[in-house]
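1. Here is my input; please provide its structure:
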Amino acid sequence: MYTYTGTSEAIDDLSGNWRIKFLTSGTFTPLVNMSINIHLIGGGGGGGVSCSGYIGGGGGSAGYSNFIMTSVPLTKDTAYAVVVGNGGPSNTNGGQSYFISTTYAAAGGNKGNGSTGASGGSGAGGGGGYSNDYAAGKGGTNGGNAIPGGSRSAGGGTGQGWISCEFALGTVPTSACNAGVTLYGGGGSGGAGKNYGGTAGPSIAGGVPGGGAGGRSGAGGAGVANTGGGGGGGGYCNFAGGTGGSGIVIIRNHR
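-> You can find the predicted model right below:
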């Protein structure tokens, strides 16, 4: 049905429908004429770094979600560019994902801004934990607000809710995905404060599936590849925020 120079996964929905997930960038060439829908997730933002007031770095947000449900025509034996957004390194925004051109694109997630969790994307990043009194803040899940680590930690902003369900197959206004539908992107957790914990903290869930968070003496955990998950914030000062998870590009037959 097609050739692809990168890594892809074809899925037969067993109902006369199909999907193709592009996991890395490449060139897509259909061997038949197609009419498709497109869903794109940008790369997750990298976790933040903070040396201010004993606060850990804030988590990065998930990559943005964009779906095109109108019929997009593809011509047999024509080469089309596919770009899967990279996850942002520490303290860096995630990369844009697009199909054919930037006409069909999704922006990368925002980096954790020092101790403040990033806003936007599927799940916003959590704020960093403060001193020895507060643990790392948790990232937002399915578009929800992030949970601050403590009174001096700023949570992230609101994400995109049901739009982050694959092809927006979610329940409005509850933001839950329909049964069997994949939820993409979760905000990274904030890093723990300077005096919190004796060693690098365990990976703290940063949304579904976001990055982990560093402890007192550790880097932030990375976001999950091909989900656009945000990177976890670094532990207080000199510890890098986690790299965001790479994005994904998905097409399916128009329906």
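
2. the strands in the stretch 101-250 of the chain, which residues?
-> 101-106, 170-171, 176-177, 248-253 (DSSP state E, counting those that start in this stretch).

3. tell me which strands and helices the third one is in contact with?
-> In other words, strand 176-177. Judged by 3 or more C-beta pairs under 8 Å, 6 or more residues apart in numbering; DSSP states H and E, strand 176-177 is in contact with strand 170-171. C-beta coordinates here come from the backbone N, C-alpha and C atoms, glycine included.

4. With the first one instead?
-> Contact here means 3+ C-beta pairs under 8 Å, 6+ apart; on that basis strand 101-106 packs against strand 34-41, strand 65-74, strand 97-99.

5. Give me the residues contacting that strand.
-> 38, 40-42, 63-66, 68, 72, 81, 85, 96-99, 247 (C-beta atoms under 8 Å, 6 or more residues apart in numbering).

6. same thing but 7 Å
-> Outside strand 101-106, the residues that touch it by C-beta atoms under 7 Å, 6 or more residues apart in numbering are 38, 40-42, 63-66, 68, 96-98, 247.

7. Now it: buried residues?
-> By neighbour count, with 16 or more other C-beta atoms under 10 Å as the criterion, the buried positions of strand 101-106 are 104-106.

8. How about G108: what's its closest non-neighbour residue?
-> Nearest residue to G108 in three dimensions, chain neighbours excluded: G94, at 2.8 Å (C-beta to C-beta, 6 or more residues apart in numbering).

9. what does the model give that neighbour for pLDDT?
-> With respect to pLDDT, G94 scores 96.

10. Go ahead and report the secondary structure state at it.
-> coil (DSSP: H, G, I helix; E, B strand; the rest coil).

11. re earlier: V32 is nearest to which of the strands of the stretch 101-250 of the chain?
-> strand 248-253 (10.8 Å; C-beta to C-beta).

12. For that closest one, which helices and strands make contact with it?
-> Strand 248-253 is packed against strand 18-22, strand 34-41, strand 97-99, with contacts defined by 3 or more C-beta pairs under 7 Å, 6 or more residues apart in numbering; DSSP states H and E.

13. Can you list the neighbours in contact with that strand?
-> Under C-beta under 7 Å, 6+ apart, the answer for strand 248-253 is 17-23, 35-41, 82, 84, 97, 99, 166, 184, 226, 228.

14. do stretch 47-57 as well
-> Applying C-beta under 7 Å, 6+ apart, the contact partners of stretch 47-57 are 58-60, 90-91, 111-115, 128-131, 136, 152-153, 188, 190-195, 211, 214, 220, 231-237, 240-242.

15. dump the residue contacts of G87.
-> Contacts of G87 were listed using C-beta under 7 Å, 6+ apart, and they are 43-44, 94, 223, 231, 243-246.

16. Nearest to N145 among these?
-> Nearest member of these to N145, counting by C-beta to C-beta, is G44, at 17.4 Å.
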